[in-house]
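Enquirer: Sequence and computational prediction follow.
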Amino acid sequence: MFKQFTCARAKRVLSKGVFYPVLALYPPGIDRIRAFFGKKGLVFMARKGADKKRILLVDDEQPIRNILKVVLGQSNHVIVEARNGIEALALFKQGEFDLVITDLDMPEMPGDQLVMEIKDLAPSQLIILMTAHRGGLLGVEQLLDVILDKPFPLDTLRAAVTTLLAP
């Protein structure tokens with residue numbers, strides 16, 4: 001799986017150790033790849049472990065995050081945890097995720113607001129929302145790929161993740 005980045009973006013991503021360069025394309029006349037990705041040009045990069053999907057898991061309850069992390073980790077996914085919507089949004093802006101799984105009812109920034117913020121940044125982002133109060137959704141149903149009503153069987157979560165992340 002290849003992605004196209006500007007050189008500046010490639011340099012930031014590389015510094016986090018998530019991606020590695022595959023091919024650098026530069027306009028004619030630029031000397032020696034501009035000493036580690038200069039300001040102009042494009043870099044095509046491939047993910048390390050392209051089969052591993054990155055999931056952003058957002059829930060204010062640590063025990064819930066722990067259980068879901070174990071369940072999702074069994075499928076060889078890379079799980080990044082956030083305690084609230086503000087932390088999740090900051091993580092989302094820093095890196096790419098194949099899927100976001102978030103709770104609705106959280107302090108500081110509720111899940112529905114997080115969904116709207118993420119969809120503003122990445123309209124095609126896959127999102128699963130977990131909620132015990134479906135009536136509390138503020139018109140974001142059409143932005144979601146899956147809504148899981150709590151409590152839900154863990155097999156339901158596994159099936160939803162597998163379906164959404166299927167090639």
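Expert: Sure thing, it's come through. Numbers count the residues shown, from 1 in each chain.
Enquirer: Report the mean per-residue pLDDT for the helix or strand in which residue 157 is found.
Expert: Using DSSP states H and E, residue 157 sits in helix 154-165. What helix 154-165 shows for mean pLDDT is 95.
Enquirer: which regions of this protein lie under the pLDDT threshold?
Expert: 1-51, 136-138 (pLDDT under 70).
Enquirer: show me where it has helices.
Expert: For the chain, applying DSSP state H gives helices covering 7-15, 62-73, 85-94, 111-121, 154-165.
Enquirer: Is it possible to get CSV of these that adds distance to residue 132 and mean neighbour count?
Expert: Bear in mind the C-beta positions are built from the backbone N, C-alpha and C, glycine included. Formatted as CSV, these follow (distance: least, CB to CB, whole Å; neighbours: other CB atoms under 10 Å):
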stretch, distance to residue 132, mean neighbour count
helix 7-15, 37, 16
helix 62-73, 11, 15
helix 85-94, 17, 17
helix 111-121, 11, 19
helix 154-165, 14, 14
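Enquirer: Including distance to residue 130, could those helices go into a markdown table?
Expert: Shown next, in a markdown table, are the helices of the chain (distance: least, CB to CB, whole Å):
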| stretch | distance to residue 130 |
| --- | --- |
| helix 7-15 | 29 |
| helix 62-73 | 8 |
| helix 85-94 | 13 |
| helix 111-121 | 8 |
| helix 154-165 | 8 |
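Enquirer: Domain ranges for this protein, per the record?
Expert: For the chain, the structural domains run 2-47, 54-165, going by automatic domain parsing.
Enquirer: And the closest residue to residue 62 other than its chain neighbours, its phi and psi?
Expert: Nearest residue to residue 62, sequence neighbours excluded (CB to CB, 6 or more residues apart in numbering): residue 83, at 7.8 Å. The phi/psi pair for residue 83 (degrees, to the nearest 10) reads phi -90, psi -20.
Enquirer: Residue 116: what's it in contact with?
Expert: Residue 116 sits next to 140, 143 when contact means CB atoms under 8 Å, 6 or more residues apart in numbering.
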